[in-house]
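Participant: sequence first, then the predicted structure:
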Amino acid sequence: GAGVSQTPSNKVTEKGKYVELRCDPISGHTALYWYRQSLGQGPEFLIYFQGTGAADDSGLPNDRFFAVRPEGSVSTLKIQRTERGDSAVYLCASSLTRTGGYEQYFGPGTRLTVT
Amino acid sequence: AQSVSQHNHHVILSEAASLELGCNYSYGGTVNLFWYVQYPGQHLQLLLKYFSGDPLVKGIKGFEAEFIKSKFSFNLRKPSVQWSDTAEYFCAVNARGFKTIFGAGTRLFVKA
């Protein structure tokens, strides 16, 4: 079946602007994760959803970052007043939390560049 | 707080050489352990995982990893690498919750 998809694949925005990044998880996966990966680093946890609710948002760096998953499927990561330090690849992953344990399936990522 | 340390940031090997990538984590409780791989131009994918049972786990493409609880380690091994193994490898730990912590990654380059 189809894997995790993310749009856009690349986003260039000016400092101070607002951006939305979208993630379509694998159908039937109840858990959805957002990560941020900077150059030379591993993925850094941002937020995790179980269904529609954010089960753990402890990785969000500040209140400029917000994510939603209103119907328990597609999720949107929203960044307000973008800063140059927000430039990174934003990864989305999904998993079946009760079957297969915690194996996560990753999307291709959205490369965000803030100029 | 949990952390994951990968010992080598860059590894260069010739084909048929043996591979061992180190991974140590800091967490005193029960953990799930993973190795993910990212091939050039592709997204992250699972290589192998350990949840419980036999501490020696086998994954795809001839990779294996050994969980040594006393050393808080989960090293990745392959007896004979191929050029197609050129990729970036990430060790990850999940403390039976849903927040997974990744290491910084090891870039492996295999010379043909």
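Facilitator: Nice, thanks for sending it over. Numbers count the residues shown, from 1 in each chain, chains lettered A, B, ... in the order given.

Participant: state the distance from B:Phe34 to chain A.
Facilitator: The gap separating B:Phe34 from chain A is 8 Å, by Cβ to the nearest Cβ, to the nearest Å. The C-beta positions use only the backbone N, C-alpha and C, and glycine is treated the same way.

Participant: same thing with B:Ser14?
Facilitator: B:Ser14 is 25 Å from chain A, by Cβ to the nearest Cβ.

Participant: chain B: helices as residue ranges?
Facilitator: Per DSSP state H, chain B carries no helices over any range.

Participant: interface residues of it facing chain A?
Facilitator: Contact residues, chain B versus chain A (Cβ under 8 Å from any Cβ of the partner chain): B:4, B:9, B:32, B:34, B:36, B:43-46, B:49, B:51, B:90, B:92, B:94, B:97-105.

Participant: check those residues for burial and list the buried ones.
Facilitator: The neighbour count (16 or more other Cβ atoms under 10 Å in any protein chain shown) marks B:4, B:32, B:34, B:36, B:43-44, B:46, B:49, B:51, B:90, B:92, B:94, B:98-103, B:105 as buried among the residues of chain B next to chain A.

Participant: and the least confident helix or strand in chain A by mean pLDDT, what does it pack against?
Facilitator: Sorted by mean pLDDT, DSSP states H and E, the helices and strands of chain A end with strand A:53-56, the least confident at a mean of 88. The contact analysis (3 or more Cβ pairs under 8 Å, 6 or more residues apart in numbering or on different chains; DSSP states H and E) places strand A:53-56 against strand A:44-50.

Participant: one more pass at 10 Å, please.
Facilitator: Counting contacts by 3 or more Cβ pairs under 10 Å, 6 or more residues apart in numbering or on different chains; DSSP states H and E, strand A:53-56 is packed against strand A:31-37, strand A:44-50, strand A:65-68.

Participant: quick one: the strands in chain B?
Facilitator: Shown for chain B, the strands assigned by DSSP state E span residues B:3-6, B:10-14, B:19-21, B:23-26, B:32-38, B:45-50, B:56-58, B:64-68, B:73-78, B:87-94, B:100-102, B:106-111.

Participant: neighbouring strands - and their directions - for the third one?
Facilitator: It stands for strand B:19-21. Sheet partners assigned to strand B:19-21 using DSSP bridges are listed as strand B:73-78 (antiparallel).

Participant: mean confidence score for the strand it pairs with?
Facilitator: The pLDDT scores in strand B:73-78 average 97.

Participant: what stretches of chain A score poorly on pLDDT?
Facilitator: Chain A contains residues with pLDDT under 70 at A:1, A:98-102.

Participant: and it, which residues reach chain B?
Facilitator: Counting by Cβ under 10 Å from any Cβ of the partner chain, chain A comes close to chain B at A:3-4, A:6, A:31, A:33, A:35, A:37, A:40-45, A:47-50, A:55-56, A:58-59, A:89, A:91-93, A:95, A:97, A:100-109.

Participant: go through the helices and strands packed on strand A:53-56 and pick out the most buried.
Facilitator: Sort those by mean neighbour count, taking mean count of other Cβ atoms under 10 Å in any protein chain shown, and strand A:31-37 sits at the top with a mean of 24.

Participant: cool, thanks, signing off.
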